[in-house]
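Student: Give me the fold of what follows.
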Amino acid sequence: MYTIVSITVVSPNKTQAEKAIDASFDELDRLARLLNFYSETSELSLINREAWKKPIKVSKDTLEILGKAIYTSEMTDGAFDVTMGPLVKLWDIEHKIIPTKQQIEEKRKVVGYKNIVIDKNASTVFIKRKGVQIDLGGIIKGFAVDKVVQVLHRHGITSGVVSVGGEIRALGKKPDETLWTVGIQNPRQKGVDDKVIATVELSDKAFSTSGDYMKYFEKDGVRYHHLLDPHTGYPSRQCGSTTIVADDNTTTDGFSKLFILGPEKGLAIAKKLGFDVIFIDCNGKVILSDGIKNKITLTKPTPSL
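Tutor: Reported below is the predicted structural model:
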């Protein structure tokens, strides 16, 4: 999945721990082979090549993640869109490429999750329009964490921390019965002393952050980053970062794209769906959902609500 993975488990038995971790990495390899957007041999690539011609029969995991991606797209009013691949490729953040308005409008024509048709009974996926490309990059790491947790549970592991590219699941408690502590990065860090803006204590909870500081470049005083608004094709300017705390990582990963909608709409969606959200705006102001207010510790005086 082209990212850093860390799996820590607590076990009274070293052999049990090693088997659980080995099986977890095997599961990650399996999912990567199945759902890799850039691999010609993956099931996802087969869908992108052929599903506009006829429905393609797919595996249970592919059907599951696509269903959850479409649900996330619907619940975020399209702020998360699983067909953003063409636009993402157009914005070459690494090489500091800013596409033209004409290029953006051209690619926006083939962006739209409503072009995906899933038939659960037949286990098929159909794409209604040629050129539409499904890219699971905005949700696959969270989905992978959930699958790893299932593997760990099957091996009797109930305590530990799984991190796939920053998508984090805290299992149980530490050996000393305290909760796991996870930090939220300051999106406008100025030095080594202000890297972490807040910490959250977790047990059997999932945690994900999307921020404009992760992949970006600046040109003429403007920050261009990878979190694109599907409705405009340009980077969203609503905030600096969005963190979601929920029961599973598919939810936290996908819904961290509430970043694109911003605090007002994002808080309403989080309340409706029953998970917590932490917004940090571009000036360092912290905006919290009600459920997280007693579980977060700010590392320094910070303007907040």
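Student: What distance do you get for the one residue sitting closest to the centre of the chain to Gly191?
Tutor: Nearest to the mean C-alpha position of the chain, counting by CA atoms, centre = their mean, stands Asp253 at 2.7 Å. Counting by CB to CB, to the nearest Å, the gap from Asp253 to Gly191 is 29 Å. Quick note: C-beta positions are derived from backbone N, CA and C, even for glycine.
Student: about what we covered before: now the residue nearest to the centre of the chain: which helix or strand?
Tutor: Using DSSP states H and E, Asp253 falls within helix 249-255.
Student: tell me what that helix is packed against?
Tutor: In terms of contacts (3 or more CB pairs under 8 Å, 6 or more residues apart in numbering; DSSP states H and E), helix 249-255 is packed against helix 60-75, helix 140-154, strand 167-171, strand 205-211, strand 241-246, helix 263-273.
Student: How far does the fourth one sit from its chain's centre?
Tutor: In this view, strand 205-211 has its centroid 7 Å away from the chain centroid, taken as CA atoms, centre = their mean, to the nearest Å.
Student: tell me what that strand is packed against?
Tutor: Strand 205-211 packs on helix 140-154, strand 167-171, strand 180-185, strand 241-246, helix 249-255, going by 3+ CB pairs under 8 Å, 6+ apart.
Student: rerun at 10 Å
Tutor: Here strand 205-211 touches helix 140-154, strand 160-164, strand 167-171, strand 180-185, strand 241-246, helix 249-255, strand 276-280, going by 3 or more CB pairs under 10 Å, 6 or more residues apart in numbering; DSSP states H and E.
Student: among those, which is nearest Gly262?
Tutor: strand 276-280 (7.4 Å; CB to CB).
Student: I figured Ser73 hits Lys114, correct?
Tutor: Yes - judged on CB atoms under 10 Å, Ser73 makes contact with Lys114 at a distance of 8.3 Å.
Student: Mind listing the shared neighbours of those two?
Tutor: Common contact partners of Ser73 and Lys114 (CB atoms under 10 Å, 6 or more residues apart in numbering): 81, 83.
Student: Leaving aside the residues adjacent along the chain, what's closest to the residue nearest to the centre of the chain?
Tutor: Spatial nearest neighbour of Asp253, chain neighbours left out: Gly142 (2.6 Å); criterion: CB to CB, 6 or more residues apart in numbering.
Student: Gln185 and Thr199, how far apart?
Tutor: 11 Å.
Student: so where's this structure uncertain?
Tutor: Flagging of the chain using pLDDT under 70 yields the residue ranges 300-305.
Student: Gln185 and Thr199: which is more packed in?
Tutor: The neighbour comparison of Gln185 against Thr199 (other CB atoms under 10 Å) goes to Gln185, with 20 against 15.
Student: Just list whatever residues bridge to the more buried one.
Tutor: Val196 (DSSP bridges).
Student: from memory it sits against Val196, does it?
Tutor: Yes - contact status for Gln185 versus Val196: in contact at 6.4 Å, counting by CB under 10 Å.
Student: Just give the number of residues close to Asp229.
Tutor: Neighbours of Asp229 (other CB under 10 Å): 20.
Student: Now it. Its backbone dihedrals?
Tutor: Note on Asp229: its backbone torsions stand at phi -80, psi 120 [degrees, to the nearest 10].
Student: Near the closest residue to it other than its chain neighbours, how many residues? Count them for me, please.
Tutor: Closest residue in space to Asp229, ignoring its immediate chain neighbours: Ser236 at 4.5 Å, by CB to CB, 6+ apart. Applying other CB under 10 Å, we find 21 other residues in the vicinity of Ser236.
Student: and Ser236, what is it in contact with?
Tutor: 79, 210, 212, 225, 227-230, 242, 257, 259-262.
Student: Equivalent analysis for Leu267, please.
Tutor: Leu267 makes contacts with 258, 261, 277, 279, 287-290, 305, as judged by CB under 10 Å, 6+ apart.
Student: Those residues, buried ones only, as a PyMOL selection?
Tutor: The PyMOL selection below is limited to those of the contacts of Leu267 classed as buried (16 or more other CB atoms under 10 Å):
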select buried, resi 258+261+277+279+287+288+289
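Student: Now intersect the contacts of Leu267 with the strands, please.
Tutor: Members of those lying in strands (criterion: DSSP state E): 277, 279, 287-288.
Student: Now the residues you listed in JSON lines, please, with extra columns for distance to Ala69.
Tutor: Listed next are the ones in strands among the contacts of Leu267 as JSON lines, based on distance: CB to CB, whole Å:
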{"residue": "Val277", "distance to Ala69": "19"}
{"residue": "Phe279", "distance to Ala69": "23"}
{"residue": "Ile287", "distance to Ala69": "26"}
{"residue": "Leu288", "distance to Ala69": "27"}
